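Give me a 3D structure for the following:
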Amino acid sequence: MNKFFRHRHVKGILYSILLLMLVTVTGTLGYHAIGAPQATWIDSFYMTFITVATIGYGEVVDLSSHPLGRLFTVGIATVGIATVSYLFSTVVAYLVDADLNAERKRIRMEKQVAELRGHYIMCGIGRVGSNVARELLKTRRKFVVIEKDRTALDAWLEHHPHALYLHEDAADDDALRKAGLAHAAGVFAVTGDDGHNLMIALSVKLLNPKARVVARVHDVRNTDKARRAGADEIVSPDFTGGMRIASAMVRPHVVSFMDQMLHSDEGLRVEEVVVPGDFTPCALADLVPTSRDYLLVATHERGHWVFNPSPEHVVQPGATLVLMANPEGVEQVQRLLAD
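Next comes the predicted model:
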């Protein structure tokens with residue numbers, strides 16, 4: 001709202017309205033004094049209105065014996081007409097400028113999306129989608145929002161004005177293509193409708209079978225349908241919420257630790273980093289030195305987990321390293337693997 005009132009055209013419109021009100025009050029008072037005692041307040045206001053509006057229906061207030069009254073009319077007409085003209089021109093400029101800005105923003109976003117690689121597509125930015133998006137922001141992952149509900153989209157953009165978005169139906173193939181599905185790492189189907197999420201998962205897999213799809217379902221009976229539609233992972237907020245409540249009772253310290261980690265300003269998370277296929281095998285001690293930005297928890301190699309691996313453990317190409325790390329720690333490990 002503050003940004004709206006700081007707009008240069010909006011300021012001009014407000015100043016014009018204030019000046020027009022001042023002209024109207026001045027003209028009404030002046031004509032009432034000039035035409036007294038015959039002129040009523042309504043006559044005085046009407047005289048001011050037809051003067052400023054240049055309607056020219058005739059003098060409601062008799063000015064034939066008041067030369068100064070005619071000079072007063074010239075002044076009211078000059079200021080009033082100039083103010084009205086400026087007001088209309090400013091309104092037109094504001095509308096044209098808004099259209100041009102929207103078009104420029106759309107073109108700029110299309111270029112930014114076209115340059116993305118390994119990003120995520122957020123289909124739905126309601127309560128669940130906005131929480132997922134905030135997690136992606138905290139962990140410095142790029143994403144594009146697709147939302148057909150203008151109210152939900154505006155609520156997100158109000159706090160994230162520089163976000164990349166499409167005001168379209170996420171189940172539409174063209175919308176997914178515009179969001180860069182061909183180069184996306186994954187898609188979140190988290191709208192409030194199970195059927196819509198199934199359609200999104202199906203569309204994604206038809207366009208890019210390699211893209212990972214995480215789908216939200218309200219009704220757990222739709223889990224199998226979502227998987228057959230192509231979803232790689234299905235999440236039911238009701239089921240997950242129930243597990244969270246149970247954990248808060250039976251393992252409160254673990255839940256407290258996880259909550260502290262998720263809400264920390266450092267962006268500490270349990271992350272995974274995949275070892276490149278052309279990586280030369282070497283021991284963990286040589287590959288991942290001790291750092292305060294990350295802690296190696298486990299490795300996943302050839303279908304087997306190795307928890308708390310020893311420094312002598314040899315990391316193989318294609319393995320997955322599971323770390324407790326902040327964004328800087330993840331970047332450090334990725335650089336070490338790339339060297």
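
switch to C-alpha atoms for all contacts and neighbour counts from now on
Will do.

Nearest to the spatial middle of this protein, which residue is it?
Centroid check for the chain by Cα atoms, centre = their mean gives residue 157 as the closest residue, at 3.3 Å.

check which helix or strand covers that residue.
Secondary structure from DSSP states H and E places residue 157 in helix 150-159.

rewinding a little: nearest residue to the residue nearest to the centre of the chain in space, please, no chain neighbours.
residue 163 (6.8 Å; Cα to Cα, 6 or more residues apart in numbering).

Tell me who's in contact with that neighbour.
Contacts for residue 163 were tallied using Cα atoms under 8 Å, 6 or more residues apart in numbering; they are 144-145, 157.

ok, back up a step: tell me how far the helix holding residue 157 lies from the chain's centre.
Put simply, helix 150-159 sits 6 Å off its chain's centre (Cα atoms, centre = their mean, to the nearest Å).

Same check on stretch 45-65?
Here stretch 45-65 is found 52 Å from its chain centre; the criterion is Cα atoms, centre = their mean.

Need the pLDDT of residue 7.
pLDDT recorded at residue 7 is 56.

got it, and the one 3 residues further on?
We have a pLDDT of 76 for residue 10.

for residue 180, same thing?
With respect to pLDDT, residue 180 scores 95.

For the longest helix seen in the chain, give the mean pLDDT please.
Counting by DSSP state H, the longest helix found in the chain is helix 67-114. Averaging pLDDT along helix 67-114 yields 82.

Let me know the next secondary structure element after that helix.
Counting by DSSP H and E, the element after helix 67-114 in chain order, helix or strand, is strand 120-123.

That next one: partners in the sheet, and parallel or antiparallel?
strand 143-146 (parallel), strand 186-189 (parallel) (DSSP bridges).

Quickly list the domain ranges of this protein.
Using automatic domain parsing, the domain parsing of the chain gives 2-111, 116-241, 267-338.

how far away is residue 315 from residue 325?
Separation of residue 315 from residue 325 (Cα to Cα, to the nearest Å): 19 Å.

of the two, who's got more company?
Between residue 315 and residue 325, residue 325 has the larger neighbour count (other Cα atoms under 10 Å), namely 25 against 21.

circling back to that earlier point, partner strands of whichever helix or strand comes after the helix holding residue 157, with direction?
Downstream of helix 150-159, the first helix or strand assigned by DSSP H and E is strand 164-166. Paired neighbours of strand 164-166 in the sheet (DSSP bridges): strand 143-146 (parallel).

who's in contact with the partner strand?
Here strand 143-146 has contacts from 113, 119-125, 133, 136, 163-170, 175, 179, using Cα under 8 Å, 6+ apart.

just stretch 102-114 next, same as before
Outside of stretch 102-114, the residues that reach it under the criterion Cα under 8 Å, 6+ apart are 144, 164-165, 178-180.

Buried residues, that stretch. List them.
109-110, 113-114 (16 or more other Cα atoms under 10 Å).

quick one: which of those is nearest to residue 266?
For the buried residues of stretch 102-114, the minimum distance to residue 266 (Cα to Cα) is 27.5 Å, reached by residue 113.

where exactly do the helices run in this structure?
Assigned by DSSP H, the chain shows helices spanning 2-6, 8-34, 41-52, 67-114, 127-138, 150-159, 173-178, 194-207, 223-229, 237-250, 252-262, 284-287, 327-338.

so which of the ones you listed gets nearest residue 59?
Comparing the helices of the chain against residue 59 with Cα to Cα, the closest turns out to be helix 41-52 (6.9 Å).

what packs against the closest one?
helix 8-34, helix 67-114 (3 or more Cα pairs under 8 Å, 6 or more residues apart in numbering; DSSP states H and E).

which residues touch residue 68?
Counting by Cα under 8 Å, 6+ apart, residue 68 has no contacts.

before we move on, the earlier item: adding pLDDT as columns, could you present the contacts of residue 163 in a markdown table?
Below are those laid out as a markdown table (pLDDT from 0 to 100):
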| residue | pLDDT |
| --- | --- |
| 144 | 96 |
| 145 | 96 |
| 157 | 91 |
